[in-house]
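Colleague: Any chance you could fold what I've pasted below:
(one chain, ligands or ions: 1)
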Amino acid sequence: MKKEHKKPKDHYRKRTHLIHGNYESRHWDFDHHLIPPMSASTTYRLGSVHRGAQGFAEFASEEAEGAGHVPIYIYDRLDEPTRSMLEENLAYAEGGDVCVTFATGMAAVSAALGVTTRAGDEIVAHHTLYGCTYSLMTTWLPRFGVETKFVDMCSESSFKGAITDRTSAVYFETPINPTLDLIDIEQIRRWVDEVQPGRNNKERPMIIVDNTFATPYCQRPLAFGADIVAHSLTKGIGGFGTDMGGAVIASRDFHNQLLMYRKDFGGVLSPKSAWPILVYGLPTLATRFVNQQKSAMRVAQFLQGHPKVSRVNYPGLETFSKYDLAKKQMFSYDGKFAPGSMLYFVLKGEQKAANEAADKFIDYIASHAYSITLAVSLGQIRTLIEEPYSMTHSALPDEVKRARGLEPGGIRLSIGLEDWHDIIEDLEAAFEQI
Ligand SMILES: *Cc1c(COP(=O)(O)O)cnc(C)c1O
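Modeller: Presented below is the predicted three-dimensional model:
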């Protein structure tokens, strides 16, 4: 008889893991379910006061980590099995120790900043950010005594010059929403370490990267020295556009603080929203991105060759200003170049003319194109188009937008799973109108 050998699970590739998940979860015996269950219970039977007391004592405590038994669930806002299973799989996908999910991406960004700052601290952030993150840092955090310095993180002198003893968090996106510019994560790690030689690990500024645009399939910032990764699960990870969600992935040191923060600020991810992300989103992440990226490349090449386009930003194009960095930093689990599914392009013309052309272009698509939809959000199986200048990034003042490469004639495209010929034909038809 041939010798049987059960290949250990960790010998399988990451893409396979994303589909099969971690069925030996300590959160639920779903060895016998092919599909993990969607639990729906706001509260849990505790059996005895003693068990209830133990549950409260173990929640977000060191003890719980090593307790070795199924968690004592108490109340949905504290902890819950479907969400916990998603968290295990997201931590795995990012290559981090732990993940804590939130109701939305903004709740996750707030939590990442909430656990790393206190009154009197400063955040150093790249000057171009998702509009609501910018608004959080300029409108709300100052009320809690946390100020943000916005700098160009590609410039060593302006970045290092902004770091002080009070800097407790360094925050950026890469690729940056919406311009697709990149920031070198490894270089930021080095700069932070160089500028803070006296501080110990617990005191040094925490590097937080919003990895929403790339998804963990295309980029894993923790491997380049980031301390914390934040995600909007609403976008590429969720992928189907049915549910909102957010996630923070970090080392174990942050786990209990994140759980406590979520418990008290209350932005929990509903288990009913965790489930589609666990069952549809993550398992199809690799397959969706392989295909969306291929189409994005075709569309980027088409746009680049178009006489009415002044420039195209897509990290996969050889003409992309940071192509070398893209190749170093953006690659899939199997090591292949993974420049993502997002594109930004600018129409030719002076500002006012370019803006009018962009409006006309997008409006034409909104009413005539079948394969492209005018809508915000991104990373879905449907191709979405929008105008960041007047829509998602309208919270940024006009001069700030212009100074940061966000032009009135700029158009953002999130490439979906449609046949790329159709996407290009719909774009071509709109070009004929302007
Ligand atoms: C959408 C988005 C967010 C916020 O996520 P929500 O789920 O909408 O709250 C944060 N960062 C980036 C880069 C985003 O695109």
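Colleague: contacts and neighbour counts: CA atoms only from here.
Modeller: OK.
Colleague: Show me what from the stretch 151-300 of the chain comes close to the ligand.
Modeller: Neighbours of the ligand within the stretch 151-300 of the chain, by C-alpha under 6 Å from any ligand atom: Asn177, Thr212, Phe213, Ser232, Thr234, Met244, Gly245, Gly246.
Colleague: Could you dump these into a markdown table with pLDDT, distance to His255 and secondary structure added?
Modeller: As requested, these are arranged in a markdown table below (pLDDT from 0 to 100; distance: C-alpha to C-alpha, whole Å; DSSP: H, G, I helix; E, B strand; the rest coil):
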| residue | pLDDT | distance to His255 | secondary structure |
| --- | --- | --- | --- |
| Asn177 | 85 | 27 | coil |
| Thr212 | 97 | 20 | coil |
| Phe213 | 96 | 24 | coil |
| Ser232 | 98 | 18 | strand |
| Thr234 | 98 | 22 | helix |
| Met244 | 98 | 22 | coil |
| Gly245 | 98 | 18 | coil |
| Gly246 | 98 | 15 | strand |
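Colleague: Spell out, range by range, the helices that occur in the stretch 101-250 of the chain.
Modeller: 105-114, 131-135, 156-162, 185-195, 215-218 (DSSP state H, counting those that start in this stretch).
Colleague: so which of those is the most packed in?
Modeller: Among these, the stretch with the highest mean neighbour count (mean count of other C-alpha atoms under 10 Å) is helix 215-218, at a mean of 26.
Colleague: For that one, what is the distance to the chain centroid?
Modeller: On the basis of C-alpha atoms, centre = their mean, to the nearest Å, helix 215-218 sits 9 Å off its chain's mean C-alpha point.
Colleague: looking at the helices of the stretch 101-250 of the chain, which is closest to Ser321?
Modeller: When the helices of the stretch 101-250 of the chain are compared for distance to Ser321 using C-alpha to C-alpha, the nearest one is helix 185-195, at 16.4 Å.
Colleague: still on that earlier bit, which stretch in the helices of the stretch 101-250 of the chain is the model least sure about?
Modeller: For the helices of the stretch 101-250 of the chain, the bottom mean pLDDT is recorded on helix 131-135, which sits at a mean of 92.
Colleague: Give the other helices and strands that that one contacts.
Modeller: Secondary-structure packing of helix 131-135 (3 or more C-alpha pairs under 8 Å, 6 or more residues apart in numbering; DSSP states H and E): helix 105-114.
Colleague: and the residues of the stretch 151-300 of the chain next to the ligand as a markdown table, adding neighbour count?
Modeller: Shown next, in a markdown table, are these (neighbours: other C-alpha atoms under 10 Å):
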| residue | neighbour count |
| --- | --- |
| Asn177 | 24 |
| Thr212 | 27 |
| Phe213 | 27 |
| Ser232 | 27 |
| Thr234 | 26 |
| Met244 | 19 |
| Gly245 | 26 |
| Gly246 | 27 |
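Colleague: Of these, which is the nearest to Phe159?
Modeller: Asn177 (19.4 Å).
Colleague: Would you confirm that that closest one contacts Thr212?
Modeller: No: using C-alpha atoms under 8 Å as the test, Asn177 is too far from Thr212 to be in contact (9.1 Å).
Colleague: Of all the helices of the stretch 101-250 of the chain, which one is nearest Val279?
Modeller: helix 215-218 (16.6 Å).
Colleague: ok, now which ones touch whichever residue of the stretch 101-250 of the chain sits closest to the ligand?
Modeller: In the stretch 101-250 of the chain, the residue that lies nearest the ligand is Gly105 (3.3 Å; C-alpha to the nearest ligand atom). Gly105 makes contact with Ala230, His231, Ser232, Leu233, Thr234, Met244, Gly245, Gly246, Ala247, according to C-alpha atoms under 8 Å, 6 or more residues apart in numbering.
Colleague: Ok, which of the helices of the stretch 101-250 of the chain comes nearest Gln257?
Modeller: Using C-alpha to C-alpha, the nearest of the helices of the stretch 101-250 of the chain to Gln257 is helix 105-114, at 9.3 Å.
Colleague: In this structure, which residue is most central in space?
Modeller: For the chain, Thr212 is the residue whose C-alpha lies nearest the centre (C-alpha atoms, centre = their mean; 1.9 Å).
Colleague: on that earlier part again, looking at the helices of the stretch 101-250 of the chain, which is nearest to Gly409?
Modeller: Judged by C-alpha to C-alpha, the one of the helices of the stretch 101-250 of the chain that comes nearest to Gly409 is helix 131-135, at 17.8 Å.
Colleague: Show residues contacting the closest one.
Modeller: The contact list for helix 131-135 (C-alpha under 8 Å, 6+ apart) reads Met106, Val109, Thr392, His393, Ser394, Ala395, Leu396.
Colleague: Quick check: helices, which of the residues you listed are part of them?
Modeller: Met106, Val109 (DSSP state H).
Colleague: of the contacts of helix 131-135, buried ones?
Modeller: Taking 16 or more other C-alpha atoms under 10 Å as the criterion, what is buried in the contacts of helix 131-135 is Met106, Val109, Thr392, His393, Ala395, Leu396.
Colleague: Next, the contact list for the fifth one, please.
Modeller: Read it as Ala395. Applying C-alpha under 8 Å, 6+ apart, the residues contacting Ala395 are Gly131, Cys132, Tyr134, Ser135.
Colleague: Now distance to Phe144 too, for the residues of the stretch 151-300 of the chain next to the ligand, in JSON lines please.
Modeller: What follows is these, written out as JSON lines (distance: C-alpha to C-alpha, whole Å):
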{"residue": "Asn177", "distance to Phe144": "26"}
{"residue": "Thr212", "distance to Phe144": "26"}
{"residue": "Phe213", "distance to Phe144": "29"}
{"residue": "Ser232", "distance to Phe144": "24"}
{"residue": "Thr234", "distance to Phe144": "27"}
{"residue": "Met244", "distance to Phe144": "27"}
{"residue": "Gly245", "distance to Phe144": "25"}
{"residue": "Gly246", "distance to Phe144": "23"}
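Colleague: Could you single out the nearest of those residues to Ala60?
Modeller: Proximity of these to Ala60 (C-alpha to C-alpha) peaks at Gly246, which lies at 19.2 Å.
Colleague: What is the burial count for Glu318?
Modeller: Neighbour count of Glu318, defined by other C-alpha atoms under 10 Å: 11.
Colleague: And the one 10 residues further on, by the same measure?
Modeller: Using other C-alpha under 10 Å, Lys328 has 12 other residues around it.
Colleague: separation between the residue of the stretch 101-250 of the chain closest to the ligand and Leu406?
Modeller: Gly105 sits 22 Å away from Leu406, going by C-alpha to C-alpha, to the nearest Å.
Colleague: before we move on, the earlier item: now the two most distant members of the contacts of helix 131-135.
Modeller: Top of the distance list for these (C-alpha to C-alpha): Val109 and Ser394, 19.3 Å.
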